[in-house]
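In: One predicted model, sequence on top.
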Amino acid sequence: IEAGQPIDEFMRSEQETVSEQYSTLYDTRLESVDTMKEIYVSLVSAGLFGIVVAGIHLILFEVGSASDTSIEVASRLRFLLLAGLLFTVVQVGAVFAFRASIPEDPTFARDSLDTPFRINFVRSLVLSFILTGILLVVTIFTVLSAWEAVTSQWDRYGLLLIAAPLSPLLIPALMVGREERQILRRDETYPDFIRALGGTAQARSAEPSATIKALRGIDFGMLDDSIDRLERRLSTRIDSDRAWDYFNADTNSAVISRYTRIYIEGSQSSGQPAETAEMVSRTVGSLLSLRRRRSLSANTMRGVALGLLIACVTSLNVTISIVMRLGDSIAGIATTFTENSNVDLAQFGAQIALPIMDDASGVSENIRLFKIIVSILILFQVWAVSVISNRLRGGGATTAMGQSIQLLWIAGITSYVTSLILESASALFNV
């Protein structure tokens with residue numbers, strides 16, 4: 001500027017430089033996310049292997065009974081708890097690592113204005129929490145009243161019993177998901193709207209309400225209703241800035257809210273609304289192209305998370321089936337030796353290095369504890385993949401909650417079907 005460069009040319013050059021740097025940083029972050037997906041899958045697979053080995057060790061080498069104290073129970077579960085802790089650390093670490101790498105680009109606008117959608121959302125959220133609380137009380141009472149029967153089949157019904165009372169929370173999550181899709185459609189048509197608005201304002205030099213009224217015959221898709229309400233508010237000539245604030249809240253889009261304010265302030269300062277609108281439209285178009293790539297990465301992450309969750313549930317159910325058959329077989333062998341042999345069972349168990357041969361009374365309790373711990377680890381994985389994929393999509397806490405419940409239902413159904421298939425296969429081959 002001091003060298004004589006025009007201020008408008010300097011500002012335009014600076015805007016293009018900043019936009020290019022932002023795009024480069026955005027691309028770099030997305031590439032790092034793609035690399036972290038592979039690391040995450042590898043770490044989860046390694047943690048899953050550790051849980052499987054710890055489960056087999058629990059059945060073969062740890063003895064105890066249902067009357068053991070908490071310290072004794074924790075002692076015989078030490079390797080399984082250690083494997084579970086490492087698995088949980090992987091999930092929590094992945095959440096923080098992905099959150100640090102994923103560029104922050106929220107979909108929803110952040111303001112305090114009340115809109116019909118926000119009012120209905122709050123009502124549905126309150127109703128869902130009430131229904132969830134009632135269902136949770138009923139579920140807890142049912143599980144406690146039939147604890148032995150339920151926990152013995154926990155691998156089949158456990159995740160479903162957790163998912164069922166949380167299902168009412170899907171109502172606000174589905175509402176937010178529908179609104180999110182509409183916001184993305186509004187964002188797609190916004191560059192056309194802002195260019196038309198700037199060109200009309202430049203050509204007519206009329207008041208804002210007349211400029212907006214001139215655009216009402218043009219089809220802007222999902223923005224048409226919001227534009228109509230904006231024109232009616234501007235025509236009152238009470239508070240133009242407040243009318244634009246309500247327009248931003250009505251669209252509920254972070255992109256529209258941010259760049260509309262940039263257009264208004266820029267056009268008022270420069271007196272060139274057409275050029276300002278062109279700059280805003282070009283910037284928003286660049287941002288939308290980055291969002292499309294981010295959406296592709298989010299869909300890939302969702303597919304990876306879904307496949308990994310199904311693989312983990314299936315693998316752990318197979319492990320449970322194996323340790324159940326192994327525990328029953330060894331317990332049967334121990335009983336046979338006790339009744340029909342003069343061989344000292346403790347000495348025999350020590351010779352083959354299987355403590356369970358000495359005392360098989362705690363096999364069923366160990367299997368029950370293994371099933372419960374496995375379901376808790378699945379809950380951690382569901383939470384982690386939901387938070388990661390939701391952050392990658394740019395959603396909020398409600399959409400993450402809805403995705404968690406959906407994945408929990410998928411995990412529960414997978415666990416139920418897998419346990420039925422394994423039971424049928426065992427009966428078919430007389431295992």
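Out: Looks like it came in fine.
In: tell me, what residue is most central in the chain?
Out: Centroid-nearest residue in the chain: residue 386, 1.6 Å away (criterion: Cα atoms, centre = their mean).
In: same question for the top helix by length along the chain, mean pLDDT?
Out: Secondary structure assigned by DSSP state H gives helix 273-340 as the longest helix of the chain. For helix 273-340, mean pLDDT rounds to 79.
In: what packs against that helix?
Out: Applying 3 or more Cβ pairs under 8 Å, 6 or more residues apart in numbering; DSSP states H and E, we find helix 273-340 packed against helix 7-61, helix 154-166, helix 170-204, helix 254-270, helix 345-351, helix 363-393, helix 397-428. Placement of C-beta: from N, CA and C, glycine included.
In: change it to 7 Å
Out: Packed against helix 273-340 by the contact rule (3 or more Cβ pairs under 7 Å, 6 or more residues apart in numbering; DSSP states H and E) you find helix 7-61, helix 170-204, helix 254-270, helix 345-351, helix 363-393, helix 397-428.
In: Just name the most buried of these.
Out: helix 363-393 (a mean of 22; mean count of other Cβ atoms under 10 Å).
In: can you list the helices and strands packed on helix 273-340 in CSV and add mean pLDDT and distance to residue 279?
Out: Below are the helices and strands packed on helix 273-340 laid out as CSV (pLDDT from 0 to 100; distance: least, Cβ to Cβ, whole Å):
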stretch, mean pLDDT, distance to residue 279
helix 7-61, 82, 6
helix 170-204, 86, 9
helix 254-270, 83, 8
helix 345-351, 48, 80
helix 363-393, 85, 28
helix 397-428, 84, 32
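In: Output those in CSV, with distance to residue 323 appended to each entry.
Out: Output for the helices and strands packed on helix 273-340, formatted as CSV (distance: least, Cβ to Cβ, whole Å):
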stretch, distance to residue 323
helix 7-61, 4
helix 170-204, 34
helix 254-270, 50
helix 345-351, 18
helix 363-393, 6
helix 397-428, 12
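In: Tell me which of the ones you listed sits nearest to residue 235.
Out: Nearest of those to residue 235, taken as Cβ to Cβ: helix 170-204 at 15.5 Å.
In: how big is the angle separating that closest one from helix 273-340?
Out: 170 degrees (axes from the mean of the first three to the mean of the last three Cα atoms, to 10 degrees).
In: Could you list every helix and strand that the strand or helix carrying residue 140 packs against?
Out: According to DSSP states H and E, residue 140 maps onto helix 116-145. For helix 116-145, the packing partners by 3+ Cβ pairs under 7 Å, 6+ apart come out as helix 154-166, helix 170-204.
In: what's the longest one packed up against?
Out: The criterion is 3+ Cβ pairs under 7 Å, 6+ apart, and the helices and strands that helix 170-204 contacts are helix 116-145, helix 208-213, helix 254-270, helix 273-340, helix 397-428.
In: Redo the ones you listed as a markdown table? Include distance to residue 245.
Out: Shown next, in a markdown table, are the helices and strands packed on helix 170-204 (distance: least, Cβ to Cβ, whole Å):
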| stretch | distance to residue 245 |
| --- | --- |
| helix 116-145 | 14 |
| helix 208-213 | 13 |
| helix 254-270 | 9 |
| helix 273-340 | 17 |
| helix 397-428 | 23 |
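In: which one of the ones you listed lies closest to residue 367?
Out: Nearest of the helices and strands packed on helix 170-204 (Cβ to Cβ): helix 273-340, 5.6 Å.
In: now the closest one, how far from the centre of its chain.
Out: 10 Å (Cα atoms, centre = their mean, to the nearest Å).
In: for the residue nearest to the centre of the chain, what are its contacts?
Out: Contact partners of residue 386, counting by Cβ atoms under 7 Å, 6 or more residues apart in numbering, are 400, 403-404, 407.
In: Let's see that with 6 Å instead.
Out: By Cβ atoms under 6 Å, 6 or more residues apart in numbering, the contact set of residue 386 is 400, 403-404.
In: And residue 430, what's its pLDDT?
Out: At residue 430, pLDDT is 54.
In: Could you export the helices and strands packed on helix 116-145 as CSV, including distance to residue 268?
Out: Output for those, formatted as CSV (distance: least, Cβ to Cβ, whole Å):
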stretch, distance to residue 268
helix 154-166, 49
helix 170-204, 11
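In: Roughly how far does the nearest residue to residue 143 once chain neighbours are set aside sit from residue 163?
Out: In space, and not counting its chain neighbours, residue 143 is closest to residue 150: 5.3 Å by Cβ to Cβ, 6 or more residues apart in numbering. Going from residue 150 to residue 163 by Cβ to Cβ, to the nearest Å gives 15 Å.
In: what about these two, which has more around it?
Out: Between residue 150 and residue 163, counted using other Cβ atoms under 10 Å, residue 163 has the larger neighbour count: 20 against 16.
In: Can you tell me the closest non-neighbouring residue to that one?
Out: residue 408 (4.3 Å).
In: What values do phi and psi take at residue 238?
Out: phi -90, psi -60 (degrees, to the nearest 10).
In: Tell me how many other residues crowd it.
Out: When neighbours are defined as other Cβ under 10 Å, residue 238 has 9 of them.
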